[in-house]
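Participant: no FASTA, just this:
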């Protein structure tokens, strides 16, 4: 079992829909990152969380440390949000960043 | 700031050749990471440096891989000899932290896409 599991692996939605991507982890962490990667492109850090909730524009990220779970929400989704979203946690045990397998999001106009 | 700069963006080489990938981190960042991304395995940490010193190289797959950071503004990842299974996108990332590399935002380069024929 992977230490970081994301769901769903693939998600297709219509423009304007509310999107939720989930991340569960099984190790002790110091922080959790949400990353965005466009097709053929580089990787951009969206959020770094150690507790609570952060908001940036239409993106919201939450984390529940007790439940070892984080969610990334996108409100009023747009085709330009189409990308792979990657959850990564800093494992306190391994002292390194451990990545989820990514969620491929496609927003159709 | 120009961000993390990687070169080359694309490299196509033949099996057995030496490959050198380069990275310039953001000025003032004290941590530098090398990652590899493949379809099969996703993103994997290869090695990371703190203040130019290698801290964890347990992700380096084989002795064919080596990484150096001679100064705070430059790092290289070398593969010698290269093999087709090394084909991947190699990302460099940097961050600035007060104490540990788990509290800083990561900044990634655009990646170097390596194809070994």
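Facilitator: Yes, it's here. Model, not experiment: these values are computed from the prediction.
Participant: what bits of chain B have low per-residue confidence?
Facilitator: The model of chain B has pLDDT under 70 over residues B:1, B:98-104.
Participant: Centroid-nearest residue for it?
Facilitator: Central residue of chain B (CA atoms, centre = their mean): residue B:34, 2.8 Å from the mean position.
Participant: For the helix or strand of chain A with the lowest mean pLDDT, which helices and strands make contact with it?
Facilitator: The helix or strand of chain A with the lowest confidence, counting by mean pLDDT, DSSP states H and E, is strand A:96-99 at a mean of 86. Applying 3 or more CB pairs under 8 Å, 6 or more residues apart in numbering or on different chains; DSSP states H and E, we find strand A:96-99 packed against strand A:83-91, strand B:42-50. C-beta: built from backbone N, CA, C; applies to glycine.
Participant: would TSV of the ones you listed with distance to residue B:2 and mean neighbour count be doable?
Facilitator: Listed next are these as TSV, based on distance: least, CB to CB, whole Å; neighbours: other CB atoms under 10 Å in any protein chain shown:
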stretch	distance to residue B:2	mean neighbour count
strand A:83-91	23	23
strand B:42-50	20	20
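Participant: Using a markdown table, please lay out those together with distance to residue B:92.
Facilitator: Listed next are the helices and strands packed on strand A:96-99 as a markdown table, based on distance: least, CB to CB, whole Å:
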| stretch | distance to residue B:92 |
| --- | --- |
| strand A:83-91 | 16 |
| strand B:42-50 | 10 |
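Participant: Nearest to residue A:59, out of those?
Facilitator: strand A:83-91 (9.8 Å; CB to CB).
Participant: Just give the strands next to the closest one in its sheet, each with its orientation.
Facilitator: strand A:29-37 (antiparallel), strand A:96-99 (antiparallel), strand A:103-108 (antiparallel) (DSSP bridges).
Participant: May I see the ones you listed arranged in a markdown table, with mean neighbour count and distance to residue B:47 as well?
Facilitator: A markdown table is the format used below for the strands paired with strand A:83-91 (neighbours: other CB atoms under 10 Å in any protein chain shown; distance: least, CB to CB, whole Å):
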| stretch | mean neighbour count | distance to residue B:47 |
| --- | --- | --- |
| strand A:29-37 | 22 | 19 |
| strand A:96-99 | 22 | 10 |
| strand A:103-108 | 17 | 27 |
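Participant: For chain A, which segments count as strands?
Facilitator: A:4-7, A:10-14, A:19-25, A:29-37, A:43-49, A:52-56, A:59-64, A:69-74, A:83-91, A:96-99, A:103-108 (DSSP state E).
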